[in-house]
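Visitor: Coordinates for the following, if possible.
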Amino acid sequence: MSDNLYLAYDYPLLGAFWTMMWIFLWIMWITLLFRVLGDVFRDDSLSGWGKTGWTFFMIIMPFLGIFVYLVARGRDMGKREHQAARARQESLDAYFQGRAGTDGPADELTKLSELKSRGVLTETEFQHAKQKVLAS
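Guide: Next up, the predicted model:
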């Protein structure tokens, strides 16, 4: 019976807790690294040399680079992210407005009906235009 290897017995509960804690902190740090790098490249007020400097600093000294960036420029990170989200939303809204703004057959028929009710079109002209709209 002594030939069996009991791994759970050799790895105490506190060791498992610390391992999970280090994995969580590592994932959190990786997420923070990508958010900060995204903010560096999203910022329009930062020059190309400034972006290069911050990126180089974060690659050479990752922990110190991220913490210094958060202290120096972290206050405006939320504002820049909010502006980028607003710009994306406005772009999406403009795209959908452009797509929805095209006149379909229902809009054409409504316009023809209004022209007929105002007396601009006669009944035969209205029927002919309606047939053209429905045929297309």
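Visitor: Show me which parts of the host helix or strand of residue 95 are buried, residue by residue.
Guide: Using DSSP states H and E, residue 95 maps to helix 77-100. Within helix 77-100, the residues that count as buried by 16 or more other Cβ atoms under 10 Å are 77, 80. Yep, even glycine has a C-beta here, placed from its N, CA and C like the rest.
Visitor: other SSEs contacting it?
Guide: helix 13-42 (3 or more Cβ pairs under 8 Å, 6 or more residues apart in numbering; DSSP states H and E).
Visitor: what's the angle from the helix it packs on to helix 77-100?
Guide: 60 degrees (axes from the mean of the first three to the mean of the last three Cα atoms, to 10 degrees).
Visitor: List of residues touching the helix or strand that helix 13-42 is followed by?
Guide: Using DSSP H and E, the helix or strand that directly follows helix 13-42 along the chain is helix 48-60. With contact meaning Cβ atoms under 8 Å, 6 or more residues apart in numbering, helix 48-60 is reached by 33, 36-37, 40-41, 43, 46, 64-66, 68-69.
Visitor: quick one on the thing from earlier: just the CA trace of the next helix or strand after the helix holding residue 95, in PDB.
Guide: Next along the chain after helix 77-100, taking DSSP H and E as the criterion, comes helix 105-117. Taking Å, rounded to 0.1, in the frame of the first residue of the first chain, the C-alpha atoms of helix 105-117 are listed here in PDB:
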ATOM      1  CA  PRO A 105     -41.400  51.100 -50.300                       C
ATOM      2  CA  ALA A 106     -43.500  52.100 -47.300                       C
ATOM      3  CA  ASP A 107     -41.900  55.600 -47.200                       C
ATOM      4  CA  GLU A 108     -42.400  56.000 -50.900                       C
ATOM      5  CA  LEU A 109     -46.100  55.000 -50.700                       C
ATOM      6  CA  THR A 110     -46.600  57.400 -47.800                       C
ATOM      7  CA  LYS A 111     -45.100  60.300 -49.800                       C
ATOM      8  CA  LEU A 112     -47.200  59.400 -52.800                       C
ATOM      9  CA  SER A 113     -50.400  59.300 -50.700                       C
ATOM     10  CA  GLU A 114     -49.600  62.800 -49.300                       C
ATOM     11  CA  LEU A 115     -49.000  64.100 -52.800                       C
ATOM     12  CA  LYS A 116     -52.400  62.700 -53.800                       C
ATOM     13  CA  SER A 117     -54.200  64.100 -50.800                       C
END
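Visitor: Right, I'll call it a day here.
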